[in-house]
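Asker: what's the 3D shape of this:
(one chain, ligands or ions: 1)
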Amino acid sequence: MLTFHRLCVRTTFSARLLKTTGRTEHASGRHWSHSAGRCSPTCRALVYERHGEPTQVVQLKNMDLPPLGSKDVQVKILAAPVNPSDINMIQGTYAILPDLPAVGGNEGVAEVVEVGDRVTSVKVGDWVIPKDAGLGTWRTDAVLSEDDVVSLPNTIPLLSAATLGVNPCTAYRMLSDFEDLKAGDTVIQNAANSGVGQAVIQLAAARGVNTVNVIRDRPEFTHLSDRLKAMGATHVIKEEELRQPALKELFKTCPKPKLALNGVGGRSATELLRHLQRGGSMVTYGGMSKQPVTVPVSAPIFKDVKIRGFWVPQWKRAHSNDGAAFKAMLDDLCSLIKEGKLSAPACSQISFLDHSAALAAAMTPFTSTKQVLVM
Ligand SMILES: NC(=O)c1ccc[n+]([C@@H]2O[C@H](COP(=O)([O-])OP(=O)(O)OC[C@H]3O[C@@H](n4cnc5c(N)ncnc54)[C@H](OP(=O)(O)O)[C@@H]3O)[C@@H](O)[C@H]2O)c1
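Answerer: Okay, the predicted model is just below:
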């Protein structure tokens, strides 16, 4: 919470920063405002001044950038996704909320364009991503503390970099920290076509772990199922099939799951639980259906299943001491990207200026692609 507040203080703007003045576009692509004969760099940002429906409250604004301190980096944001947590923050329903007005967006990739004279961990030209939530990434440029970012190789695809810090990290931790998964074991998950779900499929496949992937039915089910199988999904089934006796046949081809990953809640979560093997774990990380998780008493009594939860900002904060665990995870993920074993989720790249379309698409059911703002 403390870190989040600190980040917001640095990156959400004050009334002073909101001031828009005669703006000139320089050949470098950076913008400058002129006031009282002084020139200061500005950026454009997607800002909300009150909580509400994202398409209504998010507006494009010009903002002055603060001066570059000796431990600061100036970055040009290249691309930033629209995640459900970004939407929930704007709606005012997320667990952590910035002071208002705030800039939207919690992840994305940026290129370092200038560094303060005491910066040691990054250099001009490096790609960086936020270490924590709350940075306000839906903007063209920012001045950030060196400590708020971590570098990535700028040789990985842009969309992989822009979407690496939240969903693949969540998938990685959930596959690593709850059950001792070995090649041949099985994981079952709902919302399997989500950003998290697609990362789970690929990371599990890279470890030889089977995945049973549950998605909602739709006219293009076969197309989506084929896409997930091409990523490494072992089985793709519809929500309705979770409740059908025929699923017993599926578990003759792979062991019952040790781990269930729940991003939906409600009945879907209860059904996942029913298929867990004795002593297995269900980890809830999202609640897309907005329905509570109901646990039949038989699950903990007769099957000794463990009901757990995971939240990646909390993990990052708990491991922020020297950042070594986070860096090691990012290195691992980037190696998998370079080996062709981990790709970005299916994305729709949308111009930063078309933010309303991106926000609307991100909130539309069955969209099946991650909306990524390209600055
Ligand atoms: N705990 C953590 O650390 C953590 C980290 C990352 C993400 N999350 C959470 O994980 C969830 C997924 O995030 P994401 O970025 O991966 O999502 P995403 O790529 O935007 O995809 C959204 C997913 O939710 C599904 N969905 C939407 N409404 C639904 C409903 N009413 N019932 C069932 N499924 C529904 C969509 O399925 P359709 O295609 O059928 O619409 C899609 O699979 C979100 O709740 C997010 O906040 C948590």
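
Asker: got the contact list for stretch 190-201?
Answerer: 81, 83, 163, 166-168, 170-172, 174-175, 187, 189, 211, 213-215, 224, 228, 231-233, 236, 239, 261-264, 268-269, 272, 285-286, 288, 342, 345-346, 368, 370 (Cβ atoms under 8 Å, 6 or more residues apart in numbering). Quick note: C-beta positions are derived from backbone N, CA and C, even for glycine.

Asker: At which residues are the helices of the protein located?
Answerer: 2-11, 15-18, 54-57, 84-91, 158-162, 167-177, 195-206, 221-231, 247-250, 266-275, 298-302, 312-318, 324-338, 355-362 (DSSP state H).

Asker: Output the set of residues of the stretch 101-250 of the chain in proximity to the ligand.
Answerer: With Cβ under 6 Å from any ligand atom as the criterion, the stretch 101-250 of the chain meets the ligand at residues V166, N167, T170, A191, N193, S194, G195, V196, I215, R216.

Asker: Go again with 5 Å.
Answerer: Contact residues, the stretch 101-250 of the chain versus the ligand (Cβ under 5 Å from any ligand atom): V166, N167, T170, A191, N193, S194, G195, V196, R216.

Asker: Count the neighbours of E220 for me.
Answerer: Using other Cβ atoms under 10 Å, E220 has 11 neighbouring residues.

Asker: Next up, the contacts around the residue of the stretch 251-375 of the chain found nearest the ligand.
Answerer: Nearest residue of the stretch 251-375 of the chain to the ligand: G286, at 2.7 Å (Cβ to the nearest ligand atom). Counting by Cβ under 8 Å, 6+ apart, G286 touches P84, A191, S194, V196, N262, G263, V264, G265.

Asker: quick one on the thing from earlier: which stretch in the helices of the chain is the model least sure about?
Answerer: Of all these, the minimum mean pLDDT falls on helix 15-18 (a mean of 28).

Asker: Off-centre distance for stretch 115-125?
Answerer: 26 Å (Cα atoms, centre = their mean, to the nearest Å).

Asker: got the buried residues for it?
Answerer: Buried residues in stretch 115-125, defined by neighbour count with 16 or more other Cβ atoms under 10 Å: V115, G116, V119, V122.

Asker: cool, and stretch 140-159?
Answerer: 140-150, 152, 156, 158-159.

Asker: Which ones among those map onto strands?
Answerer: D141, A142, V143, L144, S145, V149, V150, L152 (DSSP state E).

Asker: Closest one of the buried residues of stretch 140-159 to the ligand?
Answerer: L159 (12.9 Å).

Asker: From V236, how far out is that closest one?
Answerer: Taking Cβ to Cβ, to the nearest Å as the measure, L159 and V236 are separated by 23 Å.

Asker: Likewise for D126?
Answerer: 38 Å.

Asker: which of those two has more neighbours?
Answerer: Neighbour tally, D126 and V236, criterion other Cβ under 10 Å: the higher count belongs to V236, 22 against 19.

Asker: on that earlier part again, now do the residue of the stretch 251-375 of the chain closest to the ligand against A80, distance only.
Answerer: Applying Cβ to Cβ to G286 and A80 gives a distance of 20 Å.

Asker: and if you look at K61?
Answerer: 16 Å.
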